[in-house]
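S.K.: predicted model, plus sequence, below.
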Amino acid sequence: MRDKSKKIFVAGHKGLVGSAIVKVCKDNGYSNILTRTREELNLTNASAVEEFFKKERPQYVFIAAAKVGGIHANSTYPVQFLLDNLKIECNLIESSAKYEAEKVLFLGSSCIYPRLAPQPLKEEYLLTGLLEPTNEAYAISKIAGIKLCRAYYRQYGKNFISVMPCNLYGPNDNYHPTESHVLPALIRRFHFAKLNNDKEVVVWGTGKPLREFLYSLDCAEACLFLMENCDASEIGEFINIGSGREYPIASLVEYVKKTVGYQGNIVFDHTKPDGTPRKVMDISRITALGWRPKFSLEDGLALAYEDFLKKM
Ligand code: GDP
């Protein structure tokens, strides 16, 4: 993708990862970036997506559009998580093939790995065990997307690749109080607890699960790096993207508390699920290719909180 005038479609450009991919592409001199809002193009509608590809014929496609959510949303709406995500990815991948996109990058998630897989998670652990039940629907949809990209490569030689990022955060995150992921949920909760002088903040689960966090712009840089430099023949089925650093939820809570400047106490609600006990990626394959994350958790958190404050 070295020609900076090639037409790039970023599906999901308003979301956490899509907006970061648009920014990183622009910052790197790409000038022909195509985006569509949900109102302009419903990605779950096969004929609308096909019409769009037929007319626009994007050469590079980033699939960052998905129905996403945290542990509560995932386990409460399995139908929507399966149906919407399967439709979105099938429509985009099939139309990319039919209208001859040169390359596709499909974004998955680290929840595709078996719940009790050895850690750190290596790419070859996919489908070696049972999934975590709280996000099984989402994981199954993402595994289907990876397999579809790989099938297009094996059967038709298409340069369609997939990436599996760890838990991401940054500008344009979803700060919904109950449906978001842990990091944006905590930013919101600590912020309002500070404003209201609340004596305590409730955190879900035991605080013991281990999670890895990556700032969205780091993930977007990794995606552009792979789009520019690495083909399906080299990457294999998919490649992990992460920071390689894991934190117990209880430590993340302390970081967010400090960033927001909240002074009160923390209470862990043991009636809420912990989810998978540990989820840290092995990032040796992508780092061997030459990519490295740039943002520390402290720096990324400060920027994420700044973004949250702008939107309040
Ligand atoms: P996961 O990585 O797929 O489990 O997704 P989440 O980001 O939703 O949750 C990560 C961990 O943070 C789980 O152990 C949750 O129980 C815990 N957690 C603590 N407080 C919260 C919260 O307010 N929202 C969410 N989503 N998770 C929380």
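M.R.: On my side now, so go ahead.
S.K.: let me see the contact set for the residue of the stretch 51-200 of the chain found nearest the ligand.
M.R.: Taking Cβ to the nearest ligand atom as the measure, the stretch 51-200 of the chain has Gly70 as its residue closest to the ligand, at 2.9 Å. No exception for glycine: its C-beta is placed from N, CA and C like everyone else's. Contact analysis of Gly70 by Cβ atoms under 8 Å, 6 or more residues apart in numbering lists 179-182, 185.
S.K.: turn the residues you listed into CSV, including secondary structure and distance to Asp218.
M.R.: Shown next, in CSV, are the contacts of Gly70 (DSSP: H, G, I helix; E, B strand; the rest coil; distance: Cβ to Cβ, whole Å):
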residue, secondary structure, distance to Asp218
Glu179, coil, 24
Ser180, coil, 20
His181, coil, 16
Val182, helix, 18
Ala185, helix, 21
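S.K.: which bits of the protein sit near the ligand?
M.R.: Contacts of the chain with the ligand, taken as Cβ under 6 Å from any ligand atom, map to 70-71, 111, 135, 167, 180-182, 185, 203-205, 209, 211, 249, 272-276.
S.K.: 8 Å - rerun?
M.R.: Selection of the chain residues close to the ligand by Cβ under 8 Å from any ligand atom yields 69-74, 110-111, 132, 134-135, 167, 177-183, 185-186, 189, 202-207, 209, 211, 249, 252-253, 269, 272-276, 279.
S.K.: which of those residues are buried?
M.R.: 69-74, 110-111, 132, 134-135, 167, 179-183, 185-186, 189, 203-207, 209, 211, 249, 252-253, 273, 275-276, 279 (16 or more other Cβ atoms under 10 Å).
S.K.: which pLDDT value goes with the closest residue to Ser180 other than its chain neighbours?
M.R.: Excluding the flanking residues, the one nearest Ser180 by Cβ to Cβ, 6 or more residues apart in numbering is Asn174, at 4.5 Å. The confidence metric pLDDT takes the value 93 at Asn174.
S.K.: Asn174 against Pro184, yeah?
M.R.: Yes - look at Asn174 against Pro184 with Cβ atoms under 8 Å: they come within range, at 6.2 Å.
S.K.: these two - which one has more neighbours?
M.R.: Shown here are Asn174 and Pro184; by other Cβ atoms under 10 Å, Pro184 has more neighbours (22 against 16).
S.K.: hang on, that one in a helix?
M.R.: Yes - according to DSSP: H, G, I helix; E, B strand; the rest coil, the state of Pro184 is that of a helix.
S.K.: list the contacts for it?
M.R.: Contacts of Pro184 by Cβ under 8 Å, 6+ apart are 169, 173-175, 304, 308.
S.K.: likewise for Asn74?
M.R.: Asn74 is in contact with 81, 134-135, 137-138, counting by Cβ under 8 Å, 6+ apart.
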